[in-house]
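S.K.: mind folding the following:
(chains A, B, C, D and E)
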Amino acid sequence: MSHSLDAYLILSALLFAIGTFGFLARRNAIAMLMSIELMLNAVNLAIVAFGAFVPGLAENGAVIALFVMAVAAGEATVGLAIVIAIYRNRRTPLVDEYSSMRE
Amino acid sequence: MDMTGLPILSAIVFGPLIGALVIAFLPRQETQLIRWVALIVSLLVWGLSILLALGFQSGAGDFQLEEKAAWIPAFGINYHLGIDGISLVLVLLTTTLTWISILASFKPITDRVKEYMISFLILEVGMLGVFLALDLFLFYIFWEIVLVPMYLIIGIWGGPNRIYATLKFVLYTLVGSLLMLVAILATAFSFQAAQGTWDGAFDYLTLRTFGFDGTLQLLAFLAFFLAFAIKVPMWPFHTWLPDAHVEAPTAGSVILAGVMLKLGGYGLIRFAVPLFPQAAADLAGIMIVLSLIAIIYGAIVAMVQPDLKKLVAYSSVSHMGFVTLGIFIFQQQGLQGAILQMVNHGVITGALFLCVGVIYDRTHDRTIAKMGGLAGRTPVYAMLFGFFMLASLGLPGLSGFVGEFLVFLGTFVYSPIAAGIAAIVMIIGAAYLMWMYQRVVFGELSDFLKSLGHHLTDINRIELVTLTPLVALTLLLGLFPGLILDLVSAPVGQILASVGHGAGVALGR
Amino acid sequence: MALPSTVPYLNIPWDDLVFLALAGVLLGGALLVVLGRDIIRSGLWMILSFAALAGIYALLGAPLVAAAQVLVYIGAISVLILFAIMLTQSKAAPSKLVFHHQAWAAAVAAVFLGLILIVVVVATGWQVVPEGPVAAATQRIAQLLFGEYVLPFEVVSVLLLAAVIGGVFLAKREEDETEDVGVDLSNPPAVPPLPITPPALATGIGSSMSRPAEEP
Amino acid sequence: MPVEQLSVLLLLAIPLGGFGVTALIGRRLGTRAWMVAVPAIVITWVIAMGLVYQTLFAHAFPVAGLHFSLYEWIPAGDFRVEVNFAVDALTAVMLIVVCSVGMLVHVYSIGYMAHDPGRWRFFAYLNFFMFSMLLLVLADNFLLLFVAWELVGLSSYLLIGFWYRRRTAALAAKKAFIVNRVGDLGFSLGIMAIWTVVGTLNFPEVFAKLPELYESGAIPPWQMTGIALLLFCGAMGKSAQFPLHVWLPDAMEGPTPVSALIHAATMVNAGVYLVARSSNIFALVPGAMVVVAAIGIFTAILAASIAFTQTDIKRVLAYSTLSQLGYMFAALGVGAYVAAIFHLVAHGFFKGLLFLDSGSVIHAVHEEQDMNRMGGLARKIPITHWTMLIGSLAISGIPPLAGFFSKDEILAESFKNGFLWVWAIGVVVALMTAFYMFRLMGKTFYGPSHVDPAVEPKIHESPPSMTVPLILLAVPSIGIGAALGLPFGSGLISQWLSPVFEHAEELMGRHPQAFELLGIDGGLILVSVAVSVLGVVGAWYLFGFFNLHPREALVRTWTERVRPLYVGSYNKWYFDELYDLLFVRIGGLFAAALWWFDRAVIDGTVNGVAALTQGAGREIRHIQTGRVQNYALGIAAGLIVMAVGFLVVVSR
Amino acid sequence: MSWNEWLAIAPFAAVIVAAMLVVVLDMIWPKRDSLVSGVAIAAVLVAMGLTVAAGPLPGPIGALAPTGQEAFSGVYVRDALTAFLDLLFLTIALLTLLFAPDYLRPRGLPMAEFSATLLFAISGAMLIGASRDLLVLFLGLELMVLPGYMLAGYAKRDGLSTEGAIKYFLLGSFSSAIFLFGLAFTFGYLGTTRISAISELLASIAAGEQIGQTLPAGLVMGLALMTTGVAFKAAAVPFHYWTPDAYQGSPTPVTGYLSVGPKIGAFALALRLFVEALGPLRSDWYLAIVVLAALTMTLGNLSALGQDNIKRMLAYSSIAHTGYILVGLAVFAGATDPAVQRTGLQAVLFYGVAYAFMNLGAFACVAALQRRPGVTSQIATFGGLGRRAPLLGLLMTLFLLSLVGIPPTAGFFGKALVLLAAVQAGGWLAALAVLMMLNAAAAAFYYLRIVVFMYMRDAPSNAREITIGSFTRA
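M.R.: Numbering: from 1, shown residues only, chains lettered A, B, ... in the order given. Predicted coordinates:
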């Protein structure tokens, strides 16, 4: 099981699905952000797993995963900054309240 | 006169553009100067076009004074102008009506004169370009250029409901013309696919001998037809016309009726039929029926119009029905008549709109029911109005008659019953025009007009100058229609040959 | 003492047991993140979940990635998120306002997406090395980072720099914060700024789950 | 250019020039507005008489006449129409009527229109009419004839509507033009048909080729009949034959000289001229001839029946004109071309005279036209009275005045050519004509005066410019019948015109018959004279004559007895009402309905498409809810669809 | 690294250096707006100069087998497409920098962070255009969009700006994750991230497809996920939801930038990823693009019809234009003749250029109109503009006509080229061409509506004097 790529990939898929659910269902901006982090981690898991199982890619997978982490960090930074900025305006972290622009 | 060395066609097409640029750099408060510059430019272009006519080799079938330069060589698109008899008469019509319209705008247009004159001159560029372009892509560009200034002219200087009217006009026209663009590109590609080269893929002279295959021909014809039919406008694509006319300023109506509708007719004659002869021939029956409907329907609806301009607009639908009828019977007399009818309609309807404008300037109203008894107060005006009213109902001796008669004649050869139906318009036409004239001009001066007091003056000098040339043209073309018929005879023969109907179709011989 | 090659009684290899345990923690933590009502606890569950993932990375033979996971996610991102939660959340969190009313649809979509992904994963014949996960040599990673991947490496640094610059700008409080000048009137705030959510209001909101926004 | 051609051109150019000059400067001439127009027509008359002399007396031209072309008017492929002219005997005879009556009417108008401020327009229009009418008789092809045809229609329109302030005048003008257009529609289709089968429109060629083609079988009979009937349509319009007769009585809204010239003596005869000119076509198709005869004689009796009861003096004359025109068509229909033209000439003179007389009467009683407000005028306006008496006798067919000869010839020819029904009705019409004419005389000139007492003292004879033309017209009204018609059967008129109609007679298979004064012809003459006299005497008895007083009570009782007929006749058998209902009301409703259709259905579709697009836009924008989770769900759904789609489509 | 490699990357590097320089300068001399914008503009010009100076460009644009100067062991390439896109992106940056101050300064928004962030974003877009490696593509994409999120929320005290930003950010991150998952699948199946290698591997797989083998599901999933990601960035329906809100909320110059920069960046991504890497599989993703194009143009135009907010209207309009550009991409995928495929790609690029200029121009006009704080984005503010500011009105008219596609504007030629390509390809694409033209006609309505307001209606009663911004003066 731990030697099967499929297991890791299924794990990744499940994590991705959970993250997706969180993103679609949660109202809080930060919860959504966390869901995205889950999804990115799912991807990272897949990448590392591919690296570990596909011939000759072990290091490449690891490197890519590192980059993805960095990007995730950057996204988190920006995202939280925006959340804080909008919280100052609206005094609520609930994203579905931000609907003054529509149609 | 030898003009082969000069790019006279380019000079004619882009002359007004230079004028527009000059005006663009004039200060806007110098309205009088701007007006005169516009007038002089349009007169110069008119003069050039007359020179062109004098130098034209009448009777030659094909294009003369061609100018050709590679433009987008990757797709074989050229800057290609040329003129034959059909183009020539329409160019003359355009240049003539343009200066008349500009002159007619001197008084009524006092707001944003600069923009107005620029729009008008650019409009002229577009119209002339359409008549002279021999490259389909170039043609399309000119075709669309026409839209913008007209959109502005109606939308800015028009009547109270102008925005609805102008948007309707533009959108309606766009729907047709954009599909035509698809068709132009499709035909070009079909040429390229068959010939393996883009050279000539947009070239009219090449394409008209190419012969597109059946399905493409049908679809492309329909696309072209839609664009032109909307412009003409053929029934049932005509409803933008009354709205546009009612809202347009006088000069706008003059050009709209006088030249813009001809763009559609010209397109059918020049492009739709010769490029897609098979499809044109296959669909001719439907076109003829639509034309007949337009002729009768337009006239009947004109009868009950309460507004002078709407009446003239519906009469245009009816009159342009003759043009399309003349085209699609594919018959020498009919087609020559159709072209003559285009010119006549341009002159006469243009003049009628000028006449309506004269009343409108004084009364700010065009409701027929409010008029009456103008003959007593403004006899000269009543006379001129009557003259054009008679010309419009096809009085022999004036220009309207010959074109109409030739179309009838051609139709009769095609089908006496169709001719009989079309000819009913002789009665209805007389009815609505004379009824209108009676209500406006005859009788006692209406209370509404009385209330205007001394504002109701007879025609002034500018108006006289704008109308007199049209009177002269109406008479000239009525008495000497050969001036135009001779010019278009050879090209018409060619076009008919392309559809497979040569000259000499009189029955029984 | 040498351990048996398989787990006693369960008869599965030890590494599989570790994998299962870690996977369970990972998924369980993740589920608690998305389902938990208290956002702060969600954040904590996330940390646990990430830690489990680090373990899986190690299991996959990528210790460097595992270390980075601990450092970056647990050390930086999670803490950042917790700070943000503190900043934007009053103590009495509106616990009932966790889920959007489309949650059921979201669940369906997520399940469907997960199923598709699993089916695809299973159906694909991945070209894998037969002998399980291959360990990534750390030295080789370093070579790659500063050789073949030097451009991405630099780009990532630029990316982080850009993120920091922007983040600082957006998050920092201006000196004249209290004043209301400089607000772009071209976009008049359609929703008047709410006061810091008082519990009473919050419960009031809670009854309707998703409150329609005020009309502009 | 030979002098004959030049004179033809001058014949056209002078009236046209007169029109132009008068139109441009006439207003400045004031009361002397006539000073260009009238001399122009006098000169025209002189030239015309020269041409007539050359043609009829000097025989300067071949039998086929003088033909020449001015320029090519329409060059359109095979369709080539020239502006070309012809002068032959028929033209010459027409010239006599047109120019003579025309000139006299012009002179008369000097006095009649002296007090009208619009006189310059009047003279300009009159000159224009003369030009058009001359063009009509001189034209040598169908299309040019058609041009003139429409131009006379235009002049008629302008002159009927001369007093444009009067609504009735404006309406009448319009009606005249439009009803004429109905006929013209047929005429123009006929022209097209002729070109389609013959390939030319020139008279000589058409008339030579059509019979050939017909006899060779190239043209089926129905086509030939069709052509003839289409041409006849035009004639019906212009000559106001049933059912297009309604415009002519209304046309009396125009000034009286116009009624005399256009609506009695010249223009309305154009139809007769056209059918006579096309005799070669009609002669080929007997069916068409019967139609012509039937419509002619029906119009004759219909109009006569209406004339019985009208009280407007000009309307009586108008219906009488209709009736006489019907006679002429009946003559054409039975193949009596010469008789038709003969009657045209005679009628032109005496009807012109009658109208001018009526104008003089109206003038005298201050623009009163109702005969019930006249009476006893005979002594007050003697010249008018006497000349009108001459005219009335002439039209009644009392020998030896003009009407007798021509009318008798028509009746005799119909009888001899086997159209007994035409003859029978014709005799009745003759009786009726005599009766209503003398009813008119009685009510106007004899018996007690019913004139407005305020006007009574001011009644006076018209000025010489009016009376002289009356006298001058009275002369031919008396004598032209005898001059042209004697000896019976071989008078001048038949000498002149026989060659013109020779071909047509041949086609009909007619042969000249000897005139038998003591045989059948004498008998027929006796019958027609008898009925005329009967009519005249009857009218005298009822409506008075000189000192014979009218029997108004008797008239009233008789009227009461046939009240329905009286009412019908008085209301012109309700044709106007019928047409009004059919074409104005129902047609107007139809037009309004069509306009509604235009706005609601056609434009409604256009606007509907636009509205639909906008509505779709409005609806579709609702998916943009403003809530991120909705958006995300949309994206997720899109992703799922995309993934499934890809997996299904690509993996196949 | 060789000199040539440095030269190849020089414009990209210059932009990044400039961005950092701006930050540093702002720290040394705070709040010197003209200084930083001057530096930024100069840097952009230098970068443009470097792009041009780097020497002749190998190969024609849209060549299917690109040959260029590779750098950094082949993850970066400088070919004709790179240079073309670099110049385009730099021009976008230049124009944005030129007209932004007029809007930002009166609202007290600093230029320094704006310039720096914008330059970072542009550098990301340039990286996309130059990358030959999936990872670099992804990083370039992130480098482009991350600053974009911040720019959207740049007016941080404006509720709408931050609202737009958070919507943009959340959905953008979501799509990034999706895109990345797709990359992971591709990477996992093919075992490489190099575009050239991917292309070769796929060519053989595609050849296998020809003989009836099915495409592996993992690869197909990767394709689907990446298509979704790209469609999101390009704002194609149904992945467009962020666009109207983000565009409307953002400060106007940012909206202008967002409407062209990331969009053309997304198409650059599509060119590098779909055309070069996934080109061999084009018959597989062809249908998806056709459907996306049809949906995108139609929905974009329909939604734009009744908008009263100019920025929102232009947002929907930009969605519609995405649809038109997608047609060009679909031609590449659907056509069989390489010449036609090339025409399709040329159409994408040409339309992109035309779109960049006309849309940015339109937004510049909007920004110029809103130079004074307090001017809203309601269409009514355009009332009587033709009289109040004739030049501005004329320019706006010109841009709008170009957006409509009236000749002889660039917009027309763009449309014509797309059409030509589509018509040549025939089949469904010809139908798409017809749909496109019907859409264009409907679109004319809302563009011309602005012209109506400018020339045919009077100014709103509270309209203030308009001062023309430096950009429109320039």
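S.K.: which helix or strand contains whatever residue of the stretch 101-250 of chain B ends up closest to chain A?
M.R.: Nearest residue of the stretch 101-250 of chain B to chain A: B:Leu167, at 22.4 Å (Cβ to the nearest Cβ). Placement of C-beta: from N, CA and C, glycine included. According to DSSP states H and E, B:Leu167 maps onto helix B:162-195.
S.K.: the residue of the stretch 101-250 of chain B closest to chain A is in contact with E:Tyr447, isn't it?
M.R.: No: the criterion here is Cβ atoms under 8 Å, and B:Leu167 misses it with E:Tyr447 at 10.7 Å.
S.K.: any idea where the strands of chain E begin and end?
M.R.: Along chain E, counting by DSSP state E, strands occupy E:69-71, E:76-78.
S.K.: one step back: the helix holding B:Leu167 packs against which elements?
M.R.: Applying 3 or more Cβ pairs under 8 Å, 6 or more residues apart in numbering or on different chains; DSSP states H and E, one finds that helix B:162-195 contacts helix B:136-157, helix B:204-207, helix B:214-231, helix B:240-247, helix D:603-620, helix E:410-425, helix E:428-451.
S.K.: how about the ones you listed in CSV, adding distance to chain C and mean neighbour count?
M.R.: What follows is the helices and strands packed on helix B:162-195, written out as CSV (distance: least, Cβ to the nearest Cβ, whole Å; neighbours: other Cβ atoms under 10 Å in any protein chain shown):
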stretch, distance to chain C, mean neighbour count
helix B:136-157, 27, 25
helix B:204-207, 51, 18
helix B:214-231, 40, 22
helix B:240-247, 34, 26
helix D:603-620, 17, 15
helix E:410-425, 26, 27
helix E:428-451, 16, 23
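S.K.: tell me which of these sits nearest to D:Glu253.
M.R.: Shortest distance between D:Glu253 and the helices and strands packed on helix B:162-195, using Cβ to Cβ, is found for helix B:240-247: 34.1 Å.
S.K.: need the residues that contact whichever helix or strand comes after the closest one.
M.R.: Downstream of helix B:240-247, the first helix or strand assigned by DSSP H and E is helix B:250-255. Applying Cβ atoms under 8 Å, 6 or more residues apart in numbering or on different chains, the contact partners of helix B:250-255 are B:97-98, B:100-102, B:104-105, B:108-109, B:120, B:123, B:127, B:150, B:153-154, B:157-158, B:245, B:309, B:312, B:350, B:353-354, B:356-357, B:360-361.
S.K.: for chain E, give me the ranges with low pLDDT.
M.R.: Under the criterion pLDDT under 70, the flagged ranges of chain E are E:1, E:55-67, E:460-474.
S.K.: got the residues of it near chain B?
M.R.: Residues of chain E that fall close to chain B, judged by Cβ under 8 Å from any Cβ of the partner chain: E:386-387, E:390, E:401, E:404-408, E:412, E:415-416, E:419-420, E:423-424, E:430, E:433-434, E:437-438, E:440-442, E:444-445, E:448-449, E:451-452, E:455-457.
S.K.: let's go with 6 Å and repeat that
M.R.: By the rule Cβ under 6 Å from any Cβ of the partner chain, the part of chain E lying against chain B is E:406-408, E:419-420, E:423-424, E:433-434, E:437, E:440-441, E:444-445, E:452, E:455-456.
S.K.: just the residues you listed that are near chain D?
M.R.: Applying Cβ under 6 Å from any Cβ to the residues of chain E next to chain B, none is adjacent to chain D.
S.K.: which of the strands of chain E sits most buried?
M.R.: Counting by mean count of other Cβ atoms under 10 Å in any protein chain shown, strand E:76-78 has the highest mean neighbour count of the strands of chain E, with a mean of 25.
S.K.: residues in contact with it?
M.R.: Outside of strand E:76-78, the residues within contact range by Cβ atoms under 6 Å, 6 or more residues apart in numbering or on different chains are C:Leu151, E:Ala8, E:Gly68, E:Gln69, E:Glu70, E:Ala130, E:Arg132.
S.K.: pLDDT below threshold where in chain A?
M.R.: Counting by pLDDT under 70, chain A shows low-confidence ranges at A:1.
S.K.: buried sites along the helix holding B:Leu167?
M.R.: Neighbour counts over helix B:162-195 (16 or more other Cβ atoms under 10 Å in any protein chain shown) mark B:162-163, B:165-192 as buried.
S.K.: packing partners of the host helix or strand of D:Ile480?
M.R.: Following DSSP H and E, one finds D:Ile480 within helix D:464-485. With contacts defined as 3 or more Cβ pairs under 6 Å, 6 or more residues apart in numbering or on different chains; DSSP states H and E, the packing partners of helix D:464-485 are helix D:89-112, helix D:337-364, helix D:382-396, helix D:402-416.
S.K.: pull out the buried positions in it.
M.R.: Using 16+ other Cβ under 10 Å as the test for burial, helix D:464-485 gives D:465-470, D:472-474, D:476-478, D:480-482, D:484-485.
S.K.: any idea which helix or strand comes after it?
M.R.: In N-to-C order, the element after helix D:464-485 by DSSP H and E is helix D:492-508.
S.K.: how about the residues of chain A that lie near chain D?
M.R.: A:Phe23, A:Leu24, A:Val95, A:Asp96, A:Ser99, A:Met101, A:Arg102, A:Glu103.
S.K.: if we use 10 Å, what do you get?
M.R.: Residues of chain A found near chain D (Cβ under 10 Å from any Cβ of the partner chain) are A:20-21, A:23-27, A:29, A:32, A:35, A:95-103.
S.K.: checking residue 69 next. Helix, strand or coil?
M.R.: Picked chain A for this. What DSSP: H, G, I helix; E, B strand; the rest coil gives for A:Met69 is helix.
S.K.: not what I meant, chain B
M.R.: Counting by three-state DSSP, the backbone at B:Ala69 sits in strand.
S.K.: next up, the contacts around it.
M.R.: Contacts for B:Ala69 were tallied using Cβ atoms under 10 Å, 6 or more residues apart in numbering or on different chains; they are B:Pro7, B:Ser10, B:Asn78, B:Tyr79, B:His80, B:Leu81.
S.K.: show me what the helix or strand encompassing the last one packs onto, helices and strands only.
M.R.: Counting by DSSP H and E, the element that carries B:Leu81 is strand B:77-83. Contacts of strand B:77-83 with other secondary structure elements, assessed using 3 or more Cβ pairs under 10 Å, 6 or more residues apart in numbering or on different chains; DSSP states H and E, are made with helix B:8-24, helix B:31-55, strand B:64-72, helix B:85-104, helix B:113-132, helix B:136-157, helix B:204-207.
S.K.: most surrounded residue in the contacts of strand E:76-78?
M.R.: E:Ala130 (31 neighbours; other Cβ atoms under 10 Å in any protein chain shown).
S.K.: how close does that residue get to E:Gly265?
M.R.: Taking Cβ to Cβ, to the nearest Å as the measure, E:Ala130 falls 12 Å from E:Gly265.
S.K.: and E:Val254, by the same measure?
M.R.: Distance, E:Val254 to E:Gly265, by Cβ to Cβ: 15 Å.
S.K.: tell me which of the two has more neighbours.
M.R.: Neighbours were counted for E:Val254 and for E:Gly265 using other Cβ under 10 Å; E:Val254 has more, 33 against 30.
S.K.: where is the longest strand in chain D?
M.R.: From DSSP E, the single longest strand across chain D is strand D:66-76.
S.K.: how about the helices in the stretch 151-300 of chain E?
M.R.: Secondary structure of the stretch 151-300 of chain E (DSSP state H, counting those that start in this stretch): helices at E:159-190, E:195-210, E:217-234, E:242-249, E:252-270, E:282-305.
S.K.: okay, the ones you listed in JSON lines with distance to D:Gln624 next?
M.R.: Output for these, formatted as JSON lines (distance: least, Cβ to Cβ, whole Å):
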{"stretch": "helix E:159-190", "distance to D:Gln624": "11"}
{"stretch": "helix E:195-210", "distance to D:Gln624": "36"}
{"stretch": "helix E:217-234", "distance to D:Gln624": "15"}
{"stretch": "helix E:242-249", "distance to D:Gln624": "6"}
{"stretch": "helix E:252-270", "distance to D:Gln624": "16"}
{"stretch": "helix E:282-305", "distance to D:Gln624": "7"}
